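1. Quick one, what's the 3D model for this:
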Amino acid sequence: MSLNGFLIVDKPKGMTSHDVVNQVRRITGQRRAGHTGTLDPNATGVLPVALGEATKLIPYLENDDKRYVAQVLFGTETDSCDITGTPVDTRESFEISEADLMSALKDFTGEILQKPPLYSALKVNGRKLYEYARAGEEVEIKARPVTIYSIDADASGLSNSTELSVSCSKGTYIRSLARDLGHSLGVPACLGDLRRTAAGSFPIDRAVILDDLRDGSIRIEDVLIPAEDALGGMPVVTVSDEGIRFLKNGNLVRSCYLSGLPDAAAEGAPVRIRITGTNGLAGIGRIAGDRGGRPAVQPVRVFQEPI
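-> Model prediction:
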């Protein structure tokens with residue numbers, strides 16, 4: 001049976017995101033599978049895995065916002081910015097007040113410039129940063145703009161660690177946030193435990209454990225999320241029967257064959273495509289203009305059958 005949709009896995013600690021996808025392939029018998037955003041091996045939590053035709057939607061989900069619960073450990077900074085790395089700075093005696101912590105966190109809210117960790121898969125000059133690190137080669141790491149929408153801290157019993165709840169944009173490294181928070185407080189720091197609690201429209205309470213899928217405690221059909229559910233607030237346009245041939249051939253679909261065109265959508269904005277009288281997602285398109293300047297839709301991804 002062909003499966004098309006999203007399986008939300010609660011990634012266990014110690015597995016890479018690629019390992020999880022391979023496990024899902026074995027369990028489901030589905031060869032076409034891929035995840036929508038890497039989690040570090042030491043992290044746990046939400047890892048959306050696309051199956052079948054839903055893999056065509058991955059490029060539209062990689063930019064989704066994320067939410068995390070992170071443990072920041074004070075007293076040690078490491079080369080990887082987390083507890084698994086080699087210490088580069090330590091301090092046994094220090095004091096951090098709740099007021100100091102809350103004041104420092106204000107500087108990390110909103111759009112900030114953040115330097116990724118050296119041990120990361122980000123590419124510089126065609127090579128991943130961790131390849132430079134493992135080879136002992138120096139490389140310039142430039143700070144990048146990211147957005148942190150909110151940070152809440154549990155400062156109760158604050159001594160050597162604190163727990164942060166973070167809502168952030170794609171590309172935010174929580175390991176870097178832990179390191180930089182320490183710098184702001186004047187204390188070495190690194191990331192301890194990290195749990196992703198949401199990715200885009202997928203919260204942790206929709207995630208399943210791999211062992212439950214392996215032993216049949218949970219049926220995949222009962223937890224598979226329809227592909228369209230992943231697209232959140234993306235506008236929907238419907239193609240009439242007369243416009244199906246244009247859609248299937250990947251040709252521009254003019255407004256006379258469409259209903260539901262957004263009034264103020266910018267050219268290039270993505271839209272979901274449905275077909276009149278059918279259920280499910282027929283494809284993804286982008287707003288374009290026809291020769292007369294009227295709004296139209298250019299198909300970008302078209303499914304053989306609605307999913």
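
2. just the helices in the stretch 51-200 of the chain please.
-> Assigned by DSSP state H, counting those that start in this stretch, the stretch 51-200 of the chain shows helices spanning 58-61, 98-106, 129-135, 174-185.

3. just those: most buried one?
-> Highest mean neighbour count of those: helix 174-185, a mean of 22 (counted as mean count of other Cβ atoms under 10 Å). Just so you know, the C-beta spots here come from the backbone N, C-alpha and C atoms, and that holds for glycine as well.

4. same for it, what does it pack against?
-> Where contact means 3 or more Cβ pairs under 8 Å, 6 or more residues apart in numbering; DSSP states H and E, helix 174-185 is packed against strand 66-74, helix 98-106, strand 110-114, strand 161-168, strand 189-199.

5. Now render those as CSV, adding mean pLDDT.
-> Below are those laid out as CSV (pLDDT from 0 to 100):
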stretch, mean pLDDT
strand 66-74, 97
helix 98-106, 93
strand 110-114, 97
strand 161-168, 96
strand 189-199, 97
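
6. just checking, Gly200 touches Asp229?
-> No: in this structure, Gly200 is not within contact of Asp229 by Cβ atoms under 8 Å, at 10.0 Å.

7. neighbour-wise, which of these two wins?
-> Gly200 (22 against 13; other Cβ atoms under 10 Å).

8. Identify the residues contacting that one.
-> Gly200 makes contact with Thr36, Pro48, Leu61, Asp64, Asp65, Lys66, Ala230, Gly232, according to Cβ atoms under 8 Å, 6 or more residues apart in numbering.

9. roughly how far apart are it and Gly34?
-> According to Cβ to Cβ, to the nearest Å, Gly200 stands 15 Å off from Gly34.

10. before we move on, what about Asn249?
-> 27 Å.

11. Spatially central residue in this structure, please.
-> Gly37 (4.2 Å; Cα atoms, centre = their mean).

12. State the distance from that residue to Ile151.
-> Taken as Cβ to Cβ, the span from Gly37 to Ile151 is 20 Å.

13. Show me where the stretch 101-250 of the chain dips below the pLDDT cut-off.
-> Scanning the stretch 101-250 of the chain for pLDDT under 70 picks out the ranges 157.

14. residues contacting His183?
-> Each residue near His183 by Cβ under 8 Å, 6+ apart is listed here: Ala189.

15. again, but for Gln30
-> By Cβ under 8 Å, 6+ apart, Gln30 lies in contact with Ser2, Leu3, Val24, Leu51, Gly52.

16. check contacts around the nearest residue in space to Leu3 that is not next to it in sequence.
-> Among residues not flanking Leu3 along the chain, Leu51 sits closest, at 4.6 Å (Cβ to Cβ, 6 or more residues apart in numbering). Applying Cβ under 8 Å, 6+ apart, one finds that Leu51 lies in contact with Leu3, Asn4, Gly5, Phe6, Leu7, Val24, Thr28, Gln30, Arg32, Ala33, Leu224.

17. how about those residues in a markdown table, adding secondary structure?
-> Shown next, in a markdown table, are the contacts of Leu51 (DSSP: H, G, I helix; E, B strand; the rest coil):
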| residue | secondary structure |
| --- | --- |
| Leu3 | coil |
| Asn4 | coil |
| Gly5 | strand |
| Phe6 | strand |
| Leu7 | strand |
| Val24 | helix |
| Thr28 | helix |
| Gln30 | coil |
| Arg32 | coil |
| Ala33 | strand |
| Leu224 | coil |
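
18. on that earlier part again, for Ala43, find the nearest of the helices of the stretch 51-200 of the chain.
-> helix 174-185 (8.3 Å; Cβ to Cβ).

19. quick one: the closest one to strand 161-168, angle?
-> Interaxial angle, helix 174-185 versus strand 161-168 (axes from the mean of the first three to the mean of the last three Cα atoms, to 10 degrees): 120 degrees.

20. what angle separates helix 174-185 from strand 66-74?
-> For helix 174-185 against strand 66-74, the angle by the same axes, to 10 degrees is 50 degrees.

21. Helix 174-185 vs strand 110-114, what angle?
-> In terms of direction (the same axes, to 10 degrees), helix 174-185 departs from strand 110-114 by 90 degrees.

22. Distance-wise, check Ile151 relative to Leu185.
-> Look at Ile151 and Leu185: by Cβ to Cβ, they are 14 Å apart.

23. and if you look at Lys128?
-> 30 Å.

24. Same check on Val166?
-> Val166 sits 17 Å away from Leu185, going by Cβ to Cβ.

25. before we move on, the earlier item: out of the contacts of Leu51, which one sits closest to Glu137?
-> When those are ranked by distance to Glu137 (Cβ to Cβ), Ala33 comes first, at 34.1 Å.

26. so the closest one bridges to which residues?
-> Counting by DSSP bridges, Ala33 is bridged to Leu51.
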